[in-house]
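Student: missing the sequence, but the structure's below:
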């Protein structure tokens with residue numbers, strides 16, 4: 001799954017693809033690089049991000065979804081029912097919902113649905129996240145949402161542990177280590193670690209028990225090695241989908257996993 005942020009403030013590529021033609025070029029480039037899905041989003045969910053009005057989000061994503069849907073499978077990354085309805089009406093076939101609340105919308109269109117775990121809202125979710133048992137709490141939450149989605153009529157379902165969404169560095173590592181446990185639930189797992197801040201923190205020498213921001217992390221464009229390592233780990237654990245910015249490099253790395261397994 002290639003990331004296409006049609007936004008001004010996403011942490012890695014904010015502003016790069018806000019222009020319609022630039023977004024189409026990038027979507028087609030990711031398809032050529034080997035993406036199976038292009039995930040179009042018009043509102044940043046990075047830590048500290050503010051909300052985008054629905055009419056602005058619609059203006060950003062609908063033309064891009066409509067144009068790309070004839071060429072590649074398109075996912076819409078949104079938490080707004082109105083945006084989900086519009087995108088699914090014009091060609092998107094997968095709803096990637098970080099709020100895990102829109103299963104009924106996906107079912108209405110016969111679309112796939114990604115239910116993600118998030119603790120808190122983007123504006124404050126990274127201020128002081130706390131869990132007694134992060135793996136157990138995330139697993140149980142996703143099991144509940146999976147049951148709800150199935151009851152709503154969703155037939156293509158994925159669960160996402162929400163790396164970086166209300167999680168400490170240690171929490172993220174614990175969830176990555178527990179991927180086999182999530183895969184064992186039988187519900188296909190999607191993982192998105194690409195270029196995230198915990199990779200920049202660890203890559204700069206930060207402690208796994210430290211907080212992102214305690215040291216100057218590697219910049220988003222310096223996190224390819226860690227992104228690839230986590231994507232390869234996830235696929236080796238049996239996840240169904242990895243959500244990435246660097247499609248060509250990730251496809252090359254994952255072919256090694258595929259060919260080794262063969």
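Tutor: Received the coordinates, thanks. Quick caveat: nothing in here was measured; it's all calculated off a predicted structure.
Student: where exactly do the strands run in the stretch 101-250 of the chain?
Tutor: Assigned by DSSP state E, counting those that start in this stretch, the strands in the stretch 101-250 of the chain fall at 112-116, 157-160, 190-191, 241-242.
Student: could you dump the ones you listed into TSV and include mean neighbour count, mean pLDDT and distance to residue 205?
Tutor: C-beta: built from backbone N, CA, C; applies to glycine. Below are the strands of the stretch 101-250 of the chain laid out as TSV (neighbours: other C-beta atoms under 10 Å; pLDDT from 0 to 100; distance: least, C-beta to C-beta, whole Å):
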stretch	mean neighbour count	mean pLDDT	distance to residue 205
strand 112-116	27	98	29
strand 157-160	24	98	28
strand 190-191	26	98	24
strand 241-242	22	98	25
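Student: so for residue 58, which of these sits nearest?
Tutor: When these are ranked by proximity to residue 58, the top entry is strand 112-116, at 20.0 Å, counting by C-beta to C-beta.
Student: check which helices and strands the closest one is in contact with.
Tutor: Packed against strand 112-116 by the contact rule (3 or more C-beta pairs under 8 Å, 6 or more residues apart in numbering; DSSP states H and E) you find strand 94-97, helix 103-109, helix 134-152, strand 157-160.
Student: pairing partners for that strand, with directions?
Tutor: strand 94-97 (parallel), strand 157-160 (parallel) (DSSP bridges).
Student: tell me what angle that strand forms with helix 134-152.
Tutor: Here strand 112-116 runs at 150 degrees with respect to helix 134-152, directions being taken by axes from the mean of the first three to the mean of the last three C-alpha atoms, to 10 degrees.
Student: quick one: residues contacting the spatially most central residue of the chain.
Tutor: For the chain, residue 192 is the residue whose C-alpha lies nearest the centre (C-alpha atoms, centre = their mean; 4.5 Å). Under the criterion of C-beta atoms under 8 Å, 6 or more residues apart in numbering, the contact list for residue 192 reads 1, 3, 160, 163, 164, 242, 243, 244.
Student: which stretches of this structure have low pLDDT?
Tutor: Within the chain, the ranges that satisfy pLDDT under 70 run 9-15, 46-50, 120-127, 213, 261-262.
Student: between the helices and strands packed on strand 112-116, which one is nearest to residue 257?
Tutor: With respect to residue 257, and counting by C-beta to C-beta, the nearest of the helices and strands packed on strand 112-116 is strand 157-160 at 18.9 Å.
Student: ok, residues contacting that closest one?
Tutor: Counting by C-beta under 8 Å, 6+ apart, the neighbours of strand 157-160 from elsewhere in the structure are 112-117, 142, 145-146, 149-150, 182, 185, 187-192, 240-241.
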